[in-house]
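Colleague: Kindly generate the corresponding structure for this input.
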Amino acid sequence: MTDAWVDLPGHRAWLHREELRLTDFGMAAALPGGGFGWLDADGRRSADPAVHTWITARMTHVYSLAHLRGIPGAGPLADNGLAALTGRLRDSEHGGWFSSTDAAGAAPAATGKSAYDHAFVVLAAASATVAGRPGAAPLLEEALGVVEQHFFDTATGLSVEGYDRDWSVCEDYRGANSNMHLVEAFLAAADATGDTVWRDRALGIAERLIHRITAANGWRLPEHFTAGWEPVLDYNRDQPAHPFRPFGSTVGHWLEWARLLVALDASLGEAAPGWLVEDAERLFDLSLTHGWDVDGAAGFVYTLDWDDRPVVRERMHWVPAEALMTAAALRRRTGEERYEEAYRTLWDYVRRYLVDTARGSWHHELAPDNTPSATVWAGKPDLYHAYQAVLLPLLPAAPSAATALRANGAAL
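Modeller: Numbers count the residues shown, from 1 in each chain. This next block holds a predicted model:
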């Protein structure tokens, strides 16, 4: 068997250099008064005046991990994110977190409450708790309480999507994306708190959305649903490049779900159902078959229609990031050589097209010819996917990243 790249000193050294380059780039996003701004392609805070909860939470998660890695300055940056999550982004009147506030933090820029944002608040708080950052543990307790009270529906075992500010009106839409990120957040919360109910709920979400609904749709992941969890396959047909709710099936989410299924398998140990790894392998294989190199150029297309034809052909940086993390996890879990081959091919692509050595970080979006573009995403909003791509292949599939680093970080 070919030696795994993750075991080779040269590859590990390259990953570490890239980790340092990424964390240095993201420092410019830190805002006075707490939180993180949206960076443009050159690493400057963009003209967008809003402070977004999803960006702040994801960056807090990243710098909590970086602190556990021993990177100087990372801990205070995680604290800067926590300051916003306990301050300007938190709705002190009605509870929960705004999607965004204005730059001054004086008023919410978007007053709705979304499961997507709250999933990342839980993830950030869990990672910061494990990293020992001040105020993180109470934040995690509060965030889990909000999710428990308002989002998680025990009748379905899934999360609703969103509310207005005072929680009086629940959106009719249901989404797979927010539930996927809650799986990630719940696994991190289970490790941070020791409460296995969150792991059980993560398994329940995956079982219904992947093992039942996606399997019944020919393994083409539906993203959008009615309030009764019936797939709406034509949703946003007139907005196919929507950044959060695009039409069709999002190939990168097949890969992200596959990675999380492997994580669930590892978290559950002997109690894990066999379908977790089987479904992960199936999703990984289909993503390569239908999403990779399918339109005359290297890379993954963003979305497919229900006949597996590319719809939005731009290449998003997070898709190969998720693919290579999944390949590493499946190689470790199964020992199969093909996952090592995929891992190397994906890193070659990332290094050639996505790593921006001139201006820093990674290009967040490429045109179909693999040149930088900004059709769906402008600039370089956060480090979440790229940073995890250089770190997670070095870690076991479980426990979650922060807990694994706290236990074994010195061994990396």
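
Colleague: Can you point out the buried residues in the least confident helix or strand in the chain by mean pLDDT?
Modeller: Here the helix or strand of the chain ranked lowest by mean pLDDT, DSSP states H and E is strand 108-110, holding a mean of 83. By neighbour count on 16 or more other C-beta atoms under 10 Å, the buried set for strand 108-110 is P108. Quick note: C-beta positions are derived from backbone N, CA and C, even for glycine.

Colleague: Which neighbouring elements make contact with the following helix or strand past that strand?
Modeller: Downstream of strand 108-110, the first helix or strand assigned by DSSP states H and E is strand 113-114. Here strand 113-114 touches strand 162-163, going by 3 or more C-beta pairs under 8 Å, 6 or more residues apart in numbering; DSSP states H and E.

Colleague: quick check, distance from the strand it packs on to the centre of its chain.
Modeller: Chain-centre distance of strand 162-163: 20 Å, with C-alpha atoms, centre = their mean, to the nearest Å.

Colleague: what do you get for stretch 3-21?
Modeller: Relative to its chain's centre, stretch 3-21 lies at 22 Å (C-alpha atoms, centre = their mean).

Colleague: Could you list the residues in contact with that stretch?
Modeller: Identification of contacts with stretch 3-21 by C-beta atoms under 8 Å, 6 or more residues apart in numbering yields 66, 69, 71, 328, 331-332, 340, 343-344, 347, 355, 360-361, 387, 390-391, 393-394, 412.

Colleague: From the residues you listed, which land in helices?
Modeller: Those of the contacts of stretch 3-21 mapping onto helices are 66, 328, 331-332, 340, 343-344, 347, 387, 390-391, per DSSP state H.

Colleague: Buried only: go through those for me.
Modeller: Counted by 16+ other C-beta under 10 Å, the ones in helices among the contacts of stretch 3-21 give 66, 328, 331-332, 340, 343-344, 347, 387, 390-391 as buried.

Colleague: Quick check: the two most widely separated of the residues you listed?
Modeller: Farthest-apart pair in these is A66 and E340; separation 27.1 Å (C-beta to C-beta).

Colleague: which stretches of the stretch 51-200 of the chain form helices?
Modeller: 53-68, 74-85, 115-130, 136-146, 176-193, 197-206 (DSSP state H, counting those that start in this stretch).

Colleague: between those, which one is nearest to G157?
Modeller: With C-beta to C-beta as the criterion, G157 lies closest to helix 197-206 of the helices of the stretch 51-200 of the chain, at 4.0 Å.

Colleague: Check what contacts that closest one and list those residues.
Modeller: 144, 152, 157-159, 179-180, 182-183, 186-187, 189-190, 257, 260-261, 264, 267-268, 276.

Colleague: same question, stretch 91-109
Modeller: 31, 33-35, 37, 49-54, 84-85, 87-90, 110-114, 117-118, 121, 143, 146, 150, 163, 165-167.

Colleague: how about that stretch: buried residues?
Modeller: 91, 95-101, 103, 105, 108.

Colleague: R174 is in contact with L158, correct?
Modeller: Yes: L158 sits in contact with R174 when judged by C-beta atoms under 8 Å, with a separation of 7.2 Å.

Colleague: list the residues that contact both of these two?
Modeller: W229.

Colleague: Report the buried members of the contacts of stretch 91-109.
Modeller: Buried, going by 16+ other C-beta under 10 Å: 31, 34-35, 37, 50-54, 84-85, 88-90, 111-114, 117-118, 121, 143, 146, 150, 163, 165, out of those.

Colleague: Among the buried ones among the ones in helices among the contacts of stretch 3-21, which one lies nearest to N370?
Modeller: The closest of these to N370 turns out to be W347 (C-beta to C-beta; 15.3 Å).

Colleague: contacting residues for the closest one?
Modeller: Neighbours of W347 in contact, by C-beta under 8 Å, 6+ apart: 5, 324.

Colleague: quick one: it and E337, what's the gap?
Modeller: 16 Å (C-beta to C-beta, to the nearest Å).

Colleague: Name the spans of the protein whose pLDDT lies under the cut-off.
Modeller: Scanning the chain for pLDDT under 70 picks out the ranges 1, 105-106, 410.

Colleague: cutoff 90 now
Modeller: Across the chain, the ranges flagged by pLDDT under 90 are 1-3, 46-50, 102-111, 243, 377, 408-412.

Colleague: ok, which stretches of the stretch 201-350 of the chain are helices?
Modeller: 215-216, 251-268, 275-291, 318-334, 337-349.

Colleague: Cool, thanks, talk later.
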